[in-house]
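Novice: sharing a model prediction with you, sequence too.
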Amino acid sequence: MDEIEIVKSELKSSAELKLRLMDTHAALIQKTADIIYSAVTKGAKLLLFGNGGSAADAQHIAAEFVNRFQIERRPLPALALSTDTSVLTSIGNDYSFDDIFSKQITALGSTGDVAMGITTSGNSPNILNAFSAARNKGIFTIGLLGRDGGKARSMVDLAIIIDHPDTPRIQESHITIGHIICSIIDLRIKNLPL
C-alpha cells in the first residue's frame, strides 16, 4: 500500500466510525452535554482526567471551558487533573501512580461536580480509582471509554463507549465528542450574561 492509500484508508476509517456514532451515540452525547451544562451553570465544576493522549484530551476540553470554544462567553469551571506536575509526582512518588487522580478528586471535588475520565481501555487503575473517589464524594461520573468499556463501564453513572479496536480511532472520537459537548453548551449559554 503506498502512502496516499494509507492516508485515504486512515481518513475513511475515521469518517466511517464517526458516521456510525452519529446513529448510535447522538442522544447519549446530548445527555452528557445536558448534565455538564447543568453543573457548570450552577457553580459546580468539570473535573477531567486521562493518561497519555487522553490526558491531552482532558486538558484540551478543560481549556475550551475555561477560555472559550466558539463564542464569547463567560469562563466555565473545568480542571484537567493531569496538569500539575508537582501534585502528580508527589502522589506518584509518595503513594502510587494509581492514586494521582483519586487524591485530587478527594481534595478538589465537591458534590454537584462532574468527573469525566477518558480512557481507551477502560481499565487503567488510576482512572478506576478516580471514579471510585468521585462516587464516594457524590460526584456524577462520566466515562469516555473505548473498546468494550472495560471495568470502568460498570463504575460510571454515564458511559460513552467507542467500540472499536484501534486506539487512534477511539481517541479521535473522544475529542470529537468533547467538541460536540462544547458546541451544545455554547449554544445554550450564548444568551447568558458574561
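Specialist: That came through fine. Numbering: from 1, shown residues only.

Novice: please make it C-alpha for all contacts and neighbour counts, starting now.
Specialist: Fine.

Novice: quick one: the lengthiest helix in the chain to chain centroid distance?
Specialist: Longest helix of the chain, by residue count under DSSP state H: helix 3-40. Helix 3-40 sits 13 Å away from the centroid of its parent chain (CA atoms, centre = their mean, to the nearest Å).

Novice: which helices and strands does that helix pack with?
Specialist: Contact partners of helix 3-40 among helices and strands, from 3 or more CA pairs under 8 Å, 6 or more residues apart in numbering; DSSP states H and E: strand 46-50, strand 158-162, helix 167-189.

Novice: can you put those in TSV and add mean pLDDT?
Specialist: TSV is the format used below for the helices and strands packed on helix 3-40 (pLDDT from 0 to 100):
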stretch	mean pLDDT
strand 46-50	98
strand 158-162	98
helix 167-189	96
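
Novice: among those, which is the most enclosed?
Specialist: strand 46-50 (a mean of 26; mean count of other CA atoms under 10 Å).

Novice: next structured bit after it?
Specialist: helix 53-66 (DSSP states H and E).

Novice: tell me the buried residues in that next one?
Specialist: Across helix 53-66, burial judged by 16 or more other CA atoms under 10 Å covers 53-65.

Novice: what does stretch 30-50 give?
Specialist: Those would be 32-33, 35-40, 44-50, for stretch 30-50 by 16+ other CA under 10 Å.

Novice: widest-spaced pair of those residues?
Specialist: Across the buried residues of stretch 30-50, no pair lies farther apart than 38 and 50, at 22.8 Å, counting by CA to CA.

Novice: hang on, the earlier thing: quick one, the longest helix of the chain and strand 46-50 angle?
Specialist: 150 degrees (axes from the mean of the first three to the mean of the last three CA atoms, to 10 degrees).

Novice: quick one: neighbours of residue 22, just the number.
Specialist: By other CA atoms under 10 Å, 12 other residues sit near residue 22.

Novice: can you pull the contacts of it?
Specialist: By CA atoms under 8 Å, 6 or more residues apart in numbering, residue 22 lies in contact with nothing.

Novice: how near is it to residue 45?
Specialist: 27 Å (CA to CA, to the nearest Å).

Novice: make sure residue 78 is actually in contact with residue 43.
Specialist: No: using CA atoms under 8 Å, residue 78 makes no contact with residue 43, being 10.7 Å away.
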